[in-house]
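Asks: kindly return the folded structure for what I paste below:
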Amino acid sequence: MGLGFVWTFSGGLGTVWAGILSHAALFAALPLVTISVGLQSIDRAHLDAAATMGATEAIAFRTIILPQTLPYSISGFFFAMVLSFNEFIVMFFVSSSAYTTVTLQIFNSLRNGFTPTMAVAAITFILVSILAFSAVARFGDLPRLMGADQTKS
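Replies: This next block holds a predicted model:
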């Protein structure tokens with residue numbers, strides 16, 4: 001509702017850009033949090049060893065930091081993607097009747113009666129969510145992403 005008030009006072013309520021910027025503001029924190037978890041997992045000894053061997057900051061970033069944080073970046077992307085697929089509340093408050101997202105159409109079909117198309121869209125959302133979270137569990141560091149402290153083992 002707060003974003004709805006912001007866009008009302010600025011004159012942007014009901015525009016496509018209001019929906020896009022509101023959506024981005026809501027989900028920007030997820031990749032940032034997962035990338036920060038990945039940055040915390042980098043061993044400082046690796047960076048010191050690279051500096052000792054004469055690597056520049058750009059080379060250390062490309063060869064040490066980027067490969068170690070890539071699973072966390074991909075995990076953050078998948079978290080934001082899945083939650084973005086299932087988010088209709090922000091769009092409900094800031095969109096106009098001129099455009100709707102699939103999640104708004106699913107919500108409206110729940111109020112107005114079920115259609116087979118919306119059932120297929122809902123099943124597709126479920127399958128995409130399962131695939132994305134399976135990829136995070138397979139390729140990401142899921143215990144660390146869920147808050148497990150692995151230094152106490």
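Asks: state the helix or strand in which Met32 lies.
Replies: I think there's a mix-up here, since residue 32 is Leu and not Met. Take DSSP states H and E as the rule and Leu32 turns out to sit in helix 29-40.
Asks: which strands and helices sit next to that helix?
Replies: Here helix 29-40 touches helix 66-85, helix 142-145, going by 3 or more CB pairs under 8 Å, 6 or more residues apart in numbering; DSSP states H and E. C-beta here means a position set from N, CA and C on the backbone, and glycine is covered the same way.
Asks: ok, then the element right after it?
Replies: Next helix or strand after helix 29-40 toward the C-terminus (DSSP H and E): helix 44-52.
Asks: sorry, back to before: would you mark the buried spots in the helix holding Leu32?
Replies: Across helix 29-40, burial judged by 16 or more other CB atoms under 10 Å covers 30-31, 34-35, 37-38.
Asks: of the helices and strands packed on helix 29-40, which shows the lowest average pLDDT?
Replies: When mean pLDDT is averaged over each of the helices and strands packed on helix 29-40, helix 142-145 scores lowest at a mean of 73.
Asks: show me what contacts the residue nearest to Val90 when sequence neighbours are not counted?
Replies: Excluding its sequence neighbours, the residue lying closest to Val90 (CB to CB, 6 or more residues apart in numbering) is Ser22, at 5.0 Å. By CB atoms under 8 Å, 6 or more residues apart in numbering, the contact list for Ser22 reads 3, 7, 90-91, 94.
Asks: name the element Ser22 belongs to?
Replies: Taking DSSP H and E as the criterion, the element that holds Ser22 is helix 16-27.
Asks: before we move on, the earlier item: any chance of the helices and strands packed on helix 29-40 in a markdown table, plus distance to Gly11 and mean neighbour count?
Replies: Written out in a markdown table, the entries for the helices and strands packed on helix 29-40 read as follows (distance: least, CB to CB, whole Å; neighbours: other CB atoms under 10 Å):
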| stretch | distance to Gly11 | mean neighbour count |
| --- | --- | --- |
| helix 66-85 | 25 | 18 |
| helix 142-145 | 40 | 15 |
